[in-house]
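S.K.: Using only what follows, build the 3D model:
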Amino acid sequence: MKNRSIIFGVIAAFVAVSLSFSAQAAEKKKVMGTNKHGPFISKTVVPPGPGDDPKHEMVALQVRRDTTTSPDPEWNDTEQIVYKQADGVAGTGTVRGYYVRLHKNGDTDYGPFEGTFKTTFKEDGSWEATTWEGTWHTTGGTGKFKTAKGGGHVSGEGHGRRGFYRLGR
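M.R.: I've put the predicted structure just below:
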């Protein structure tokens, strides 16, 4: 059970990263960067019911605060709050949720995301790696991001407690 919690924590991280980079309203802009996963603010897991696969884990809600590092000063050291749900069996499944990015000047951008994840295990049953891919959309914001629209694709992998991300628009 502990390994599954770690797996889903890392998987949640891909959601945060995938949402970090939205288009700005007045200009088309490609922004790249990486996220450092913050600690969980909260996490609610639904236990498997009678007759369910004991390796089934459904995260009803997980909330986390992440920090982004980017060469673009407008996006560097920004934070985002990630709200996500995940449903998987033996480390493979789907994830979806919503994010709100907090820019240093007080503006925000926000939107939904969704994706899939797959975990591989070593012969002894311990976690080896998790890979994921998904899509994200910016649907609006406040201030200069009030009419922001954008989106893209994200893929990545995690080993141990660290994730590595590749982002694209």
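S.K.: count of neighbours near residue 159?
M.R.: 12 (other C-beta atoms under 10 Å). To be clear about C-beta, it is placed using only N, CA and C from the backbone, and glycine gets the same treatment.
S.K.: Apart from its neighbours in sequence, what residue is nearest it?
M.R.: Distances taken as C-beta to C-beta, 6 or more residues apart in numbering put residue 129 closest to residue 159, at 5.1 Å, once the chain neighbours are dropped.
S.K.: I'd like to know which elements the helix or strand that neighbour falls within is packed against.
M.R.: Residue 129 belongs to strand 127-138 when elements are defined using DSSP states H and E. Contacting strand 127-138 under the criterion 3 or more C-beta pairs under 8 Å, 6 or more residues apart in numbering; DSSP states H and E are the following elements: helix 2-18, strand 92-102, strand 108-121, strand 150-159.
S.K.: picking that back up, thought the residue nearest to residue 159 was touching residue 156?
M.R.: No: the pair residue 129 and residue 156 does not pass the contact test of C-beta atoms under 8 Å, sitting 10.5 Å apart.
S.K.: quick revisit: how about the strand holding residue 129 as PDB, C-alpha atoms only?
M.R.: What follows is strand 127-138, C-alpha atoms only, in PDB (Å, rounded to 0.1, in the frame of the first residue of the first chain):
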ATOM      1  CA  TRP A 127       8.500  -0.100  -7.900                       C
ATOM      2  CA  GLU A 128      10.800   0.400 -10.900                       C
ATOM      3  CA  ALA A 129       9.400   3.400 -12.900                       C
ATOM      4  CA  THR A 130       6.200   5.100 -13.800                       C
ATOM      5  CA  THR A 131       5.600   6.700 -17.300                       C
ATOM      6  CA  TRP A 132       2.800   9.000 -18.200                       C
ATOM      7  CA  GLU A 133       1.300  11.100 -20.900                       C
ATOM      8  CA  GLY A 134      -1.600  13.500 -21.200                       C
ATOM      9  CA  THR A 135      -3.000  16.800 -22.300                       C
ATOM     10  CA  TRP A 136      -3.600  20.100 -20.600                       C
ATOM     11  CA  HIS A 137      -5.600  23.200 -21.400                       C
ATOM     12  CA  THR A 138      -5.500  26.800 -20.200                       C
END
